Each structure stands twice: as C-alpha cells, then as structure tokens.
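In: sequence and predicted structure are below.
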Amino acid sequence: MDVQIKIVKTAEEKDSVLSIRREVFIQGLNIPEHIEIDNNEDQANYILAEIGNIPAGTARWRKTDKGIKLERFAVLNEYRSLGIGKKMTEFILDRIPNNEHIYLNSQDTAIGFYEKLGFQSVGPLFEEAGIQHQLMIFSRNL
C-alpha cells in the first residue's frame, strides 16, 4: 500500500485532520473535545497521511518552551499496522533541525513503538486525559 505523507496547507486538509482526530480520540478513546481540540491548533504544523488520496492518519508538531513537541498522532482503525505511524514520525523528524530538543508524551500502549524510533522514556508515567502517558525524548544518536 502506497502511503503519501504531506504537510497540511489547505482548509480541506485541516478538516481531514480534525475528522481523523475526532474519530480516533473523541469517539474511540472518549477524550472530551475541549481537551483534544486545544488552544494550540493554530500554532502547530500538521501532516496528513493518505492512501490513494484517502485520509488515513495525522500528527502535528509545535515549538514549546521545552523544544519541539510531537503530538496528536492518530491513524484510523482500518489503516493501522501498515507502518503509517512510523512513516509520519520519520517525516516529522526529517523536518526538525538536528540541534532541536524533541519530545512527546506517549500513551503507555505506544511506548515500545516510539522506543524503536529512537525515543527514550524519562521519568514516571503520568495521567493525561484519563490515559497513562510517558514523557519520551528523541535522540538522533540511537
């Protein structure tokens, strides 16, 4: 399956991003919309993963006072286990300068996934939106 990853530039693409996040996070994980759709929507950079022009996944990254934070990784159920999450992560990492501090808050079920991509767990698990998370830092040296 040919997965295309692109940076979101149009209102239609942003609508696709929000549709995926609503299905995965709000409907699938019961995260309240006011938590999922947050105050950082306009400050973030978004990507959209498509298979044959059909939106399948999304993620975003943004600058914070701690560095570059990767977040809101979501792949629709019917497109999981196809390597889309890995491709999206690599796509974003390729666009961040080497000298930047890169981090994310992984759901506990995805810690192993991010470890395979070069992230290391830091500190204890914590709860965010009712789900256990782990702070993870990216190292280009792994």
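Out: Good, I have the coordinates. Quick caveat: nothing in here was measured; it's all calculated off a predicted structure.
In: what about Ile61, which SS state?
Out: Just to correct that, residue 61 is Trp rather than Ile. strand (DSSP: H, G, I helix; E, B strand; the rest coil).
In: you'd agree it is up against Ala44?
Out: Yes: Trp61 lies in contact with Ala44 (C-beta atoms under 8 Å); the separation is 6.7 Å. The C-beta positions use only the backbone N, C-alpha and C, and glycine is treated the same way.
In: find the residues that touch each one of the two.
Out: Common neighbours of Trp61 and Ala44, using C-beta atoms under 8 Å, 6 or more residues apart in numbering, are Glu71.
In: which of the two has more residues huddled nearby?
Out: Neighbour totals were compared for Trp61 and Ala44, and Trp61 leads with 21 against 17 (other C-beta atoms under 10 Å).
In: got the contact list for that one?
Out: Neighbours of Trp61 in contact, by C-beta under 8 Å, 6+ apart: 44-45, 68-71, 92, 96.
In: cutoff 6 Å now
Out: 45, 68, 70, 92 (C-beta atoms under 6 Å, 6 or more residues apart in numbering).
In: those residues, buried ones only, as a PyMOL selection?
Out: Entered in PyMOL, the line below selects the buried ones among the contacts of Trp61, by 16 or more other C-beta atoms under 10 Å:
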select buried, resi 68+70+92
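In: between the contacts of Trp61, which is closest to Glu115?
Out: Nearest to Glu115 among the contacts of Trp61: Leu70, at 14.3 Å, using C-beta to C-beta.
In: where does the residue nearest to the spatial centre of the chain land in three-state SS?
Out: For the chain, the residue nearest the mean C-alpha position is Phe73 (2.4 Å; C-alpha atoms, centre = their mean). Reducing the assignment at Phe73 to three states with three-state DSSP gives strand.
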